[in-house]
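Undergrad: need a structure here:
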Amino acid sequence: MKFLKFAGVLAGLLVSGVALAEGDASSVSSSGLVAIGSALAMGLAAIGASGGQGKAAGSALEGIARNPGSKDAVFVPLLLSLAFIELSALLGFVVAFLWLQK
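TA: Here you go, the predicted model:
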């Protein structure tokens, strides 16, 4: 239910910004929509990466808590997975900045 309210508010904000824009139709450019798309790309990349990192770290800590002797075997794959997840977030930021430069 909260997600539907959030989606409704987000849609209202996006539509109202376009509806309240000043100027005639011939002077409207797509730079505003590119900026909104870039912001959404960066936000989704950050949300996805933080969720993935939390899940990976939680699972690793749960495995270590169940079997403390497996700490050495879990640590390196955990660091590699966190690095790959962070790389995907950074690629999201790069794509957003490349869109913004267009």
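Undergrad: need the helices for the chain, in chain order.
TA: Ranges of helices in the chain, per DSSP state H, are 2-19, 31-66, 71-101.
Undergrad: Let's have the ones you listed in CSV, adding mean pLDDT and mean neighbour count.
TA: Bear in mind the C-beta positions are built from the backbone N, C-alpha and C, glycine included. Putting those into CSV (pLDDT from 0 to 100; neighbours: other CB atoms under 10 Å) gives the following:
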stretch, mean pLDDT, mean neighbour count
helix 2-19, 65, 10
helix 31-66, 86, 14
helix 71-101, 86, 13
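Undergrad: Got phi/psi on Asn67?
TA: With angles defined as degrees, to the nearest 10, Asn67 sits at phi -140, psi 90.
Undergrad: What's the local residue count around it?
TA: 10 (other CB atoms under 10 Å).
Undergrad: any idea how far it is from Gly54?
TA: 21 Å (CB to CB, to the nearest Å).
Undergrad: confidence score at the residue in the chain sticking out farthest from the centre?
TA: What lies farthest from the middle of the chain is Gly69; by CA atoms, centre = their mean that is 34.9 Å. According to the prediction, Gly69 has pLDDT 90.
Undergrad: dump the residue contacts of it.
TA: Listed by CB atoms under 8 Å, 6 or more residues apart in numbering, the contact set of Gly69 is empty.
Undergrad: What separation is there between it and Gly63?
TA: For Gly69, the distance to Gly63 - CB to CB - is 11 Å.
Undergrad: and what of Val76?
TA: Distance, Val76 to Gly63, by CB to CB: 13 Å.
Undergrad: go on, Leu78?
TA: 9 Å.
Undergrad: now do Ala57
TA: 11 Å.
Undergrad: again with Ser38
TA: Counting by CB to CB, the gap from Ser38 to Gly63 is 38 Å.
Undergrad: do the same with Ala46
TA: The value you get for Ala46 to Gly63, if CB to CB is used, is 26 Å.
Undergrad: and what of Trp99?
TA: 39 Å.
Undergrad: With Leu87 instead?
TA: 23 Å.
Undergrad: Ala45 too?
TA: 27 Å.
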